[in-house]
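*Asks:* Take a look and give me a structure for this.
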Amino acid sequence: VVAFDRRGFRIGYGGGYYDVTLDALRRKKNIIAIGVAFACQEVAEVPAEPFDHRLDVILTEKEMLEFTDSSL
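*Replies:* The predicted model follows:
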């Protein structure tokens, strides 16, 4: 995770590989996607497109953020 927001979206290192991989995995079975970041990497809002996948959990040195569909 390069940056994240409190909706569960994240900015990675570019290329879209994460979203493509996560989409393929989620089509096969139920998985939990966990991102690890420092709290200082939090931003107000990550620009998200319809094809972007949210993380289920973000873990920082200060807290664990969990996201559900109702948290959007």
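*Asks:* and stretch 52-68, how far apart are its ends?
*Replies:* 15 Å (C-alpha to C-alpha, to the nearest Å).
*Asks:* And stretch 5-13, by the same measure?
*Replies:* Start-to-end, stretch 5-13 (C-alpha to C-alpha) is 16 Å.
*Asks:* to the chain's geometric centre, what's the distance from stretch 29-39?
*Replies:* In terms of C-alpha atoms, centre = their mean, to the nearest Å, the centre of stretch 29-39 is found 6 Å from the chain centre.
*Asks:* what about that stretch, average pLDDT?
*Replies:* Stretch 29-39 shows a mean pLDDT of 95.
*Asks:* So which bits of it are buried?
*Replies:* 33, 35, 37 (16 or more other C-beta atoms under 10 Å). All C-beta spots, glycine's among them, are computed from the backbone N, C-alpha and C.
*Asks:* In strands, which of the residues you listed fall?
*Replies:* residue 35 (DSSP state E).
*Asks:* Most distant residue from the centre of the protein?
*Replies:* Largest separation from the mean C-alpha position in the chain: residue 28, at 18.9 Å (C-alpha atoms, centre = their mean).
*Asks:* and it, how far is that from residue 63?
*Replies:* Counting by C-beta to C-beta, to the nearest Å, the gap from residue 28 to residue 63 is 30 Å.
*Asks:* again, but for residue 43
*Replies:* 16 Å.
*Asks:* residues touching the residue farthest from the centre of the chain, list them.
*Replies:* For residue 28, no residue meets the contact criterion (C-beta atoms under 8 Å, 6 or more residues apart in numbering).
*Asks:* Show me which of residue 43 and residue 63 is the more surrounded one.
*Replies:* residue 43 (14 against 9; other C-beta atoms under 10 Å).
*Asks:* which residue sits closest to that one, ignoring its sequence neighbours?
*Replies:* Computed as C-beta to C-beta, 6 or more residues apart in numbering, the closest residue to residue 43 that is not its neighbour in sequence is residue 3, at 4.8 Å.
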